[in-house]
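Trainee: Give me a 3D structure for the following:
(one chain, ligands or ions: 1)
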Amino acid sequence: MDRTEQHVAEGSALESALRQLDDAAGVMELDPGVHEVLAHPRRALEVAIPVKMDDGTIRVFTGYRVHHNTSRGPSKGGIRYHPSVTLDEVKALAMWMTWKCAVVGIPFGGAKGGVIVEPGKLSKGELQRMTRRYAYEILPLIGPERDIPAPDLGTNEQIMAWIMDTYSTREGYSVPGVVTGKPLSIGGSAGRSMATARGVMYVTLATLKHLGMSVEEARIVVQGFGNVGGGTVELLYQQGCRIVGVSDVQGGVYNPDGLNPQGLRAHEEQYGTIAGYEGGQRVTNEELLELGCDVLIPAAIEGQLTRANADRVKASVIVEAANGPTVPEADEIFEDRGILVVPDILANAGGVTVSYFEWVQDIQAYYWSEDEVNDRLRQIMEKSYVDVLSVAEERKVSMRTAATILGVGRVAEAHITRGLYP
Ligand code: NAD
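Mentor: Numbers count the residues shown, from 1 in each chain. Predicted coordinates for the structure are as follows:
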């Protein structure tokens, strides 16, 4: 589709997201008008965030909040704190959130937020002041019936608590449903912190089963050891998988006989990184992606699997725990090589699914047990996996195109049913 109205940086996550939309729209013969509506975010806000630093100087950070689509309900999506955040990236992530919520059938649209900042370089006080001012600046866009943020790269439950408090202070009463991924003490959900990783585990197990591969013999490599990567390593290890490689931003470690998550965690607690862990051989992040293994799980940032390294990936399955880790050119290479890619909008949907449970619990002020949360999550992930696989088999397309067709189809149906305003 010729998109002269929208300037998109070459090689950006937005370019990937738009190409994936175009691929799905082509297969499903989507109405061109609806296609064009879905290619644009509904609204995008850029804010300046002035913060008084500990040394008395003032620094101004730039932040964004983007609503991609709200046809199926309030918009939902994380907030990212990272130095490489751009408006295009936030738009892409918001679009993926729209498809993701539709793929797992939860009544939300897609949104995303971001601040250009390296959170590790701020003191706790600076981080709190920056978060509260950012929350204040995006207040017109958020709310439990409007748009509900959650954690993403570089943010955590403490940051969600500050946003919840800032919003509630303005309203004059507690509004727990304005964010998800909160601490339990203020209306968080049991099971939320491990939910994305647990969803990744469910789809990894479903994929192994589908391909007739044994769980005990599966060799797994995970890039990223944060909320998602670290949790995935632990849960798959508990299932009996062999974790042969893991990395974080500072580098990785490889051991063909298997790594112990507890040892990795202890090393990270002591040194702030898993790089240098003595239970294996040191590898770079580039080498990690090309290690011999059965399942590769990118769980860090986007754009990791590209034309430059896709030919050298040895895994037979890629489960995308991160958002957008595979660029479209690499997708084509994987398809040619018969490598199965379980796409992000399915694989990492466990987080937003339990975020939905958290929002439901907050609204009802009635809280569920962790077993209930995990069981409902498992049912949704397993059903969604089967739904996507069925579309892939019926249409003879990749799992990514199938998931996008499923998501886009549900959003398009809602959009058409509601009609175009005015
Ligand atoms: P996090 O900040 O907790 O952890 C990120 C991890 O990636 C860290 O170990 C960090 O060291 C590593 N990393 C950062 N930059 C890297 C680089 N250039 N190379 C290698 N490793 C690098 O973040 P998270 O919440 O675990 O999110 C990870 C990914 O999962 C992101 O793509 C995010 O959008 C996606 N995701 C997160 C959630 C969630 O619930 N947190 C839900 C869905 C998707």
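
Trainee: ok, how many other residues are close to whichever residue of the chain sits closest to the ligand?
Mentor: For the chain and the ligand, the shortest gap (Cβ to the nearest ligand atom) falls at Gly226, measuring 1.7 Å. (Each C-beta comes from the backbone N, C-alpha and C, glycine too.) Neighbours of Gly226 under the rule other Cβ atoms under 10 Å: 16.

Trainee: what's near enough to touch it?
Mentor: Leu153, Asp248, Ala299, Ala300 (Cβ atoms under 8 Å, 6 or more residues apart in numbering).

Trainee: Thr207 - that's part of a helix, no?
Mentor: Yes: according to DSSP: H, G, I helix; E, B strand; the rest coil, Thr207 belongs to a helix.

Trainee: Can you report how many residues neighbour it?
Mentor: 22.

Trainee: which parts of the stretch 201-350 of the chain sit against the ligand?
Mentor: 223-229, 247-249, 285, 299-301, 321-323, 348 (Cβ under 6 Å from any ligand atom).

Trainee: Out of those, which end up buried?
Mentor: Buried members of these, counted by 16 or more other Cβ atoms under 10 Å: 223-229, 247-248, 285, 299-301, 321-323, 348.

Trainee: Which ones among these map onto strands?
Mentor: Gln223, Ser247, Asp248 (DSSP state E).

Trainee: For the second one, give me its contacts.
Mentor: The contact partners of Ser247, taken as Cβ under 8 Å, 6+ apart, are Val222, Gln223, Gly224, Phe225, Val253, Ile274, Ala275, Val283, Asn285, Leu288, Ala300.

Trainee: hmm, back to that, list phi and psi for the residue of the chain closest to the ligand.
Mentor: The phi/psi pair for Gly226 (degrees, to the nearest 10) reads phi -90, psi -150.

Trainee: re earlier: now, which of the buried ones among the residues of the stretch 201-350 of the chain next to the ligand lie within helices?
Mentor: Asn227, Val228, Gly229, Asn285 (DSSP state H).

Trainee: need those residues in JSON lines with pLDDT and distance to Gly73, can you?
Mentor: JSON lines is the format used below for those (pLDDT from 0 to 100; distance: Cβ to Cβ, whole Å):
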{"residue": "Asn227", "pLDDT": "94", "distance to Gly73": "25"}
{"residue": "Val228", "pLDDT": "96", "distance to Gly73": "24"}
{"residue": "Gly229", "pLDDT": "98", "distance to Gly73": "29"}
{"residue": "Asn285", "pLDDT": "97", "distance to Gly73": "37"}
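
Trainee: Roughly how far does the residue located most distally from the centre of the chain sit from Ser123?
Mentor: Most distant from the centre of the chain: Gly56, at 35.7 Å, with distances by Cα atoms, centre = their mean. For Gly56, the distance to Ser123 equals 13 Å [Cβ to Cβ, to the nearest Å].

Trainee: Equivalent analysis for Ile142, please.
Mentor: Taking Cβ to Cβ, one finds Ile142 at 26 Å from Ser123.

Trainee: What ranges does the stretch 251-400 of the chain have for its strands?
Mentor: Taking DSSP state E, counting those that start in this stretch, the strands of the stretch 251-400 of the chain run over residues 251-254, 281-283, 295-298, 317-319, 340-342.

Trainee: would a markdown table of those strands with mean pLDDT and mean neighbour count be doable?
Mentor: Conversion of the strands of the stretch 251-400 of the chain to a markdown table gives the following (pLDDT from 0 to 100; neighbours: other Cβ atoms under 10 Å):
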| stretch | mean pLDDT | mean neighbour count |
| --- | --- | --- |
| strand 251-254 | 98 | 22 |
| strand 281-283 | 98 | 15 |
| strand 295-298 | 98 | 28 |
| strand 317-319 | 98 | 27 |
| strand 340-342 | 98 | 22 |
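
Trainee: wait, which of those strands is closest to Val85?
Mentor: With Cβ to Cβ, the closest approach to Val85 among those belongs to strand 295-298: 18.7 Å.

Trainee: Pull the residues that contact the closest one.
Mentor: For strand 295-298, using Cβ under 8 Å, 6+ apart, the contacting residues are 200, 204, 207-208, 218-224, 229, 232, 241, 289, 304-305, 313, 315-322, 325-326.

Trainee: mind redoing it with 6 Å?
Mentor: 218, 220-223, 232, 304, 315, 317-319, 321-322, 325 (Cβ atoms under 6 Å, 6 or more residues apart in numbering).

Trainee: Then stretch 261-274?
Mentor: With Cβ under 6 Å, 6+ apart, stretch 261-274 has contacts from Phe225, Val233, Glu234, Tyr237, Asp248, Gln250, Tyr277, Gly279.

Trainee: again with stretch 71-78
Mentor: Here stretch 71-78 makes contact (Cβ under 6 Å, 6+ apart) with 67, 94, 97, 107-112, 145-148, 150-152, 411, 414-415.

Trainee: can you pull out the helices in the protein?
Mentor: Assigned by DSSP H, the helices in the chain fall at 13-28, 32-38, 87-103, 124-137, 157-171, 195-210, 227-238, 261-271, 285-288, 328-336, 344-347, 350-364, 370-395, 399-418.

Trainee: I am finished for the moment; much appreciated.
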